Each structure stands twice: as C-alpha cells, then as structure tokens.
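A.B. asks: attaching a predicted model along with its sequence, questions to come.
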Amino acid sequence: MRIADGRAEACAGKGRTSPSGRSGSPVAFARLRFGAGLLTRLARARRDGPAPWPPATDRAKAFLERIDAMHAARGAPFATMLALAGWTRERLAQSVGARGLEATLVRLADDGVRLDADEVKCRVPLARAGRTIAFSPVDLDCAARPSVPLGTSGTSGPRTKNAIDLDGFELQASYMRTMLDAIGGLELPLALYYPAPSAAGIAHMLSFALAGKPPDAWFCHLPEATGAALPWSRWLRMLVVAARTVGVRLPLPALAEVERPDALVDWLRAHACRGAVLATFPGSALRLAAYAEAAGRPLPPTTFILGGEPVTARKRALLESRGHRVYPWYGAVDAGRIAIGCTDPAAPDDMHLLADRFAAIERDGRLLLTSLSPSVHKLYLNVDGGDLARLERRSCGCPIGRLGFDWHVSDVRSVQKLCVEGITLPADLVHRLADEMLPAACGGTPADYQLAEEEGDDGWTRLVVRVAPGIAAPDERAAATVLDVIVAAAHGMPDVAERIRRAGVVVVRREAPRFSPGGKLLAAERP
C-alpha cells in the first residue's frame, strides 16, 4: 500500500514510486509517518472516544473559506469558472447572505459553474465561455501530508488515487458512533463483508476504529488478492500488529466465499445471538441471508449497513421479511461518506445528507455536491458524481434528523453506469461492449445485443446480456466476453471478474434487444 507524502505523490502519474517502500525511500518514510499518526489517533479514540458530532458549523462561512481554498489551489478549475461567469468573492458572499447557500449554488450551476460527470473524470474537455480549461482529476485533491491513496476500481472511469489524510479519516469516523447509537448497534458485534484488500474494507475498518468501535471481524468474498494488491495486504498486517501496541484490536480478513459463506454464517450464529451489525453490499447481504436460510441455519437478527449499489424496495423487503434491519448509506472513494440512513424512512433508501461537510443541489435529477469541510479530501463546487437522486428538505424526527440534518437524499441511481455487486460499468464501456466487442466475438451487429441491470424476485441484481435468438455463438462466449471486459476495465484485477462469475450475476438471455418508448435501441437498459 503506497502512502503518499504530499499531493504530488498521490497523483496518478506524478512522482510515482515503487510500492515496495524500500528502506530509506520517501514512500517508506511517509508510510511510517502515516502509521505513527494513525496509531496516536487510534489510542486517543480508545481513551477519549471520538469528538462530539455534529460540530457547530457556520455553513455559509465554511463555503466562503472553501472558495478561498479553490482560488489558492493550483490547477483546480473552479476559480477560472467563477471568473468567466462573473462571480467574485464579494458577489458570492452577498448572494449567500441574501438568498442562502443552496439557492446560490443553483445560480452558479445555471451560470456554468459546475463539473459534469464526464468533465470531472476528464473524459471530455472542460469548456466555458469559449475557453477550454485544462485540469486533471488530481487537481481537486486537497489532502494534507501524510496521506494514504485509496484507489477507485477503475470501472467507472480512469483509475485514480484519492489521497485521504488523517483528518479525512477522522471526518469519516466522526458520525459513526452517533449512527451506530441511532440503529442500536453500539453494544452489538460489528463485522465487515468486503473484498480484501480493498479501499472499502480498509477505509471502513479504520473509520470504525477511529470512532472507538473497531470491527470484530472482517470477511471477504474471495481469497485475498495478490500481485499489485500485495503491498496493501502487507501494510494491513503490519497495521494490525502495531495497533495492538496501543490496545486496539483490528481484524484481518477471513474468507467467506461468495457462493458458500459458511464462515460468516458460523461467526454470526456463534457471536451474535442478540444480533449484529454487518456492513456490506446489498447483493452480498441477500446472498448471505438466502444461503443461511437454505442451509437451515438462519442468521440472527442483523442490521445490514448497505451501500455500493442501489437499496431498492424489493431488496429491503426481502431482508426485513427475514427479521433483519436495513440501513443504507451513500458514499464514494472520491468524496467519502455523503449521506447516512434515516431510521424513519419515507423511501427504501431515505438518507440524511451529511450537511456538515457537503451542500447539495438537484439539477435535472442529478445530484451536485459542494464540499464545505477542509477535511473532505476533494475540492468540490457543484460536482456531478454521475448519480441521479431525489433531494428534499424536511423534518423527520429520527435521531439523525433531530441533530439538524434535514436534507434528505433518496432514490439514488447511477445515470451513467450499470451497477452489480458493488462493481460499476460506465456508459462508454457498455456501448463498446454492445457495439463492437460482442459482435466481434459472437457475430451479428450491435442491434443484436443489449445489456441490462435487472432485479429478480429474489432481490438479486443481475447483469443481463440480451442476445438476439439468431446469433449462433454459444451463450458461454457472450458471458466470457463480458467478464473479460470487466477484468480489463478493472486494470488486471482478476478477483473482480472472479467475484462476479462466482456470484452468477452475468446472465445471457436469448431475446431480442428492447426499444425505448422513443423508439431508440439503447446499448444499456436500466430499471
């Protein structure tokens, strides 16, 4: 695991150093600094508990301070966009005071001060007022040193490293104890069910530990990845050993295979007779519960903290019908935690926007985020992460709502990606599959193929590959083509495709692709 000492080393392609961290190298020194700082904060969390949350925050003042940071940041495009749109700091302050923060953000978006999903990933040029603004995704980074680069999977765009410093991890941890208290989970065993090593697993383990509630166990779907991921595994083991010196016990990943998760079932039945909290993906939760029930060993009442793919009404109902609780949360490696669940929900995935760190507006159904806290590891000003969502302001009376978090996010869906088992396929990749790769591998034309995200009666989300009946190639060839593309998109991480293959989520169906109500044949169809 490469620890980046400073922004240049955290940027993809800038200041790259071998992840081996040879003794005496800047990477090894930065790794030691990060580890030492992390141990200090773990010990403090164990001794004193986390800082009170939420902090007293003047959101208008925080916004203007972030604007100052955007003007000072080298390479970030926001100062240029603001200048081209005629927005000075004085005008911003006047607008926020007169209209409010969110209304000002709407005006900014109308004036072109925003980053669309393709622009933020640099898939298309950023052009405003007849001028092209050059920047890189890493120009939005604002982590201080020392930091750790958590990598995106690369399936929703170019694979990037997102540097998170110690303050950023503590920000991610700040709400967790309050959240666990709201769902009655403070005194229950806590486990993770994420691939290992992975950004999600490591980030959640550290965040829960910094909240004074280290996970009791971490289970993974497949044997730990090797190759490029080996430095992460080594660093994780060193961290677990070092944490014990300050009295904090962190778990190492244990295998609970995706098709036969007996180890996790056994652990829950042995250690959680009164219930447990399990953080994982919705698809993994459904498979676990269904497997345990089919084996005649039903799970104890479990509160599932779910993210990484949509929490739909069917998924929620199937888990709740088995006596479990569902608690959604919403985040991204790029932005960190964005919203946490409401315990008095008006929708299956009703969540509270973490308004101490983000402001949000809805534009054409898209969720645009603006960062407010200096500990958020990205500078965001009306940034579109590629998700559709419903945003509303209302009082609900739940424990999180009573703290003043009255902005609700729900019906979160990806507009540009198909999402299955926590893995995303961006729109351009889906189009290449249907238009080029499947016809080349199996014959026919692009009109003979279509990919669809489909939720079955069992609540499992599957990636359906529709193949016209007249195509002679066997179904296995079409499925293998899709899996090959997924592993290529994941930059050679075969565990990604193996997890999808063993979960059985890629399904070839012999039927003609479907047309949209407007008569269009789309490469991807979403529910």
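C.D. replies: Ah, there it is.
A.B. asks: need the contact partners of stretch 83-98.
C.D. replies: By CB atoms under 8 Å, 6 or more residues apart in numbering, the residues outside stretch 83-98 that reach it are 60, 63-64, 67-68, 71, 82, 103-104, 107-108, 111-113, 128-129, 131. All C-beta spots, glycine's among them, are computed from the backbone N, C-alpha and C.
A.B. asks: just the buried residues out of these, in PyMOL syntax.
C.D. replies: Applying 16 or more other CB atoms under 10 Å to those, the buried members can be selected in PyMOL as follows:
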select buried, resi 60+63+64+67+82+104+108+111+113+128
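A.B. asks: what about the longest strand in this protein?
C.D. replies: Ranked by number of residues, the top strand in the chain under DSSP state E is strand 383-393.
A.B. asks: for stretch 391-404, measure first residue to last.
C.D. replies: 16 Å (CA to CA, to the nearest Å).
A.B. asks: list the buried residues of that stretch.
C.D. replies: 391, 396, 398-401.
A.B. asks: from those, pick the one nearest Ile183.
C.D. replies: Closest to Ile183 out of the buried residues of stretch 391-404 is Pro399 (8.8 Å), distances taken as CB to CB.
A.B. asks: just the element for that closest one, please.
C.D. replies: According to DSSP states H and E, Pro399 maps onto no helix or strand at all.
A.B. asks: centre-most residue in this structure?
C.D. replies: By CA atoms, centre = their mean, the chain has its centre lying nearest to Ala332, at 2.8 Å.
A.B. asks: let me know whether that residue touches Gly386 as I believe.
C.D. replies: No. Using CB atoms under 8 Å, Ala332 makes no contact with Gly386, being 9.2 Å away.
A.B. asks: picking up where we left off before, could the buried residues of stretch 391-404 be laid out in a markdown table, adding pLDDT and distance to Arg269?
C.D. replies: Output for the buried residues of stretch 391-404, formatted as a markdown table (pLDDT from 0 to 100; distance: CB to CB, whole Å):
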| residue | pLDDT | distance to Arg269 |
| --- | --- | --- |
| Leu391 | 97 | 40 |
| Cys396 | 94 | 34 |
| Cys398 | 96 | 30 |
| Pro399 | 96 | 29 |
| Ile400 | 97 | 31 |
| Gly401 | 96 | 34 |
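A.B. asks: any idea how far Ala335 is from Arg314?
C.D. replies: Here Arg314 is placed at a distance of 27 Å from Ala335 (CB to CB, to the nearest Å).
A.B. asks: who's more crowded, those two?
C.D. replies: A count of neighbours by other CB atoms under 10 Å puts Ala335 above the other of Arg314 and Ala335, at 20 against 17.
A.B. asks: now that one. Nearest residue, chain neighbours left out?
C.D. replies: Spatial nearest neighbour of Ala335, excluding adjacent residues (CB to CB, 6 or more residues apart in numbering): Lys378 at 5.9 Å.
A.B. asks: need the contact list for that neighbour.
C.D. replies: Contacts for Lys378 (CB under 8 Å, 6+ apart) come out as 140-142, 162, 334-336, 371.
A.B. asks: quick one: pLDDT of Leu306?
C.D. replies: With respect to pLDDT, Leu306 scores 95.
A.B. asks: strands of the stretch 251-400 of the chain, residue ranges please.
C.D. replies: Here the stretch 251-400 of the chain has its strands, by DSSP state E, counting those that start in this stretch, at 253-255, 276-280, 302-306, 325-332, 336-341, 351-353, 358-363, 366-371, 383-393.
A.B. asks: adding distance to Trp267, write those strands out as a markdown table.
C.D. replies: Listed next are the strands of the stretch 251-400 of the chain as a markdown table, based on distance: least, CB to CB, whole Å:
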| stretch | distance to Trp267 |
| --- | --- |
| strand 253-255 | 8 |
| strand 276-280 | 9 |
| strand 302-306 | 11 |
| strand 325-332 | 19 |
| strand 336-341 | 24 |
| strand 351-353 | 28 |
| strand 358-363 | 35 |
| strand 366-371 | 36 |
| strand 383-393 | 33 |
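A.B. asks: C-terminal to the helix ranked longest in the chain, what's the next element?
C.D. replies: Ordering each helix of the chain by length in residues (DSSP state H) puts helix 26-48 first. Next helix or strand after helix 26-48 toward the C-terminus (DSSP H and E): helix 59-72.
A.B. asks: what comes into contact with that next one?
C.D. replies: 76, 78-79, 82, 89, 92-93, 96-97, 101, 142, 355, 359, 370-374, 379, 381.
A.B. asks: so what's the residue count around Met70?
C.D. replies: Using other CB under 10 Å: Met70 sits among 21 other residues.
A.B. asks: which residue is the nearest non-sequential neighbour of it?
C.D. replies: Phe78 (4.2 Å).
A.B. asks: surely Pro54 touches Met179?
C.D. replies: No. Assessed by CB under 8 Å, Pro54 is found out of contact with Met179, at 11.5 Å.
A.B. asks: so between the two, which is more surrounded?
C.D. replies: Higher neighbour count among Pro54 and Met179: Met179, with 24 against 16, using other CB under 10 Å.
A.B. asks: what about that one, helix or strand, and which?
C.D. replies: Under the assignment here (DSSP H and E), Met179 is part of helix 176-182.
A.B. asks: mean confidence for that helix?
C.D. replies: 95.
A.B. asks: can you tell me what sits against it?
C.D. replies: 49-50, 53, 186, 190, 207-208, 211-213, 277, 327, 340-341, 343, 398-400, 403.
A.B. asks: mind checking which of those residues are buried?
C.D. replies: Judged by 16+ other CB under 10 Å, buried ones among the contacts of helix 176-182: 50, 53, 186, 190, 207-208, 211-213, 277, 327, 340-341, 343, 398-400.
A.B. asks: and the lowest mean pLDDT element among the helices and strands of this protein?
C.D. replies: One helix or strand of the chain scores below all others by mean pLDDT, DSSP states H and E: helix 7-10, with a mean of 31.
A.B. asks: and the pLDDT for the residue nearest to Leu403 when sequence neighbours are not counted?
C.D. replies: Among residues not flanking Leu403 along the chain, Pro54 sits closest, at 5.8 Å (CB to CB, 6+ apart). As predicted, Pro54 sits at a pLDDT of 86.
A.B. asks: now Pro54: how far from Arg402?
C.D. replies: Distance from Pro54 to Arg402, by CB to CB: 11 Å.
A.B. asks: next one: Leu186
C.D. replies: Applying CB to CB to Leu186 and Arg402 gives a distance of 17 Å.
A.B. asks: sorry, back to before: now do the buried residues in the helix holding Met179.
C.D. replies: Across helix 176-182, burial judged by 16+ other CB under 10 Å covers 176-180, 182.
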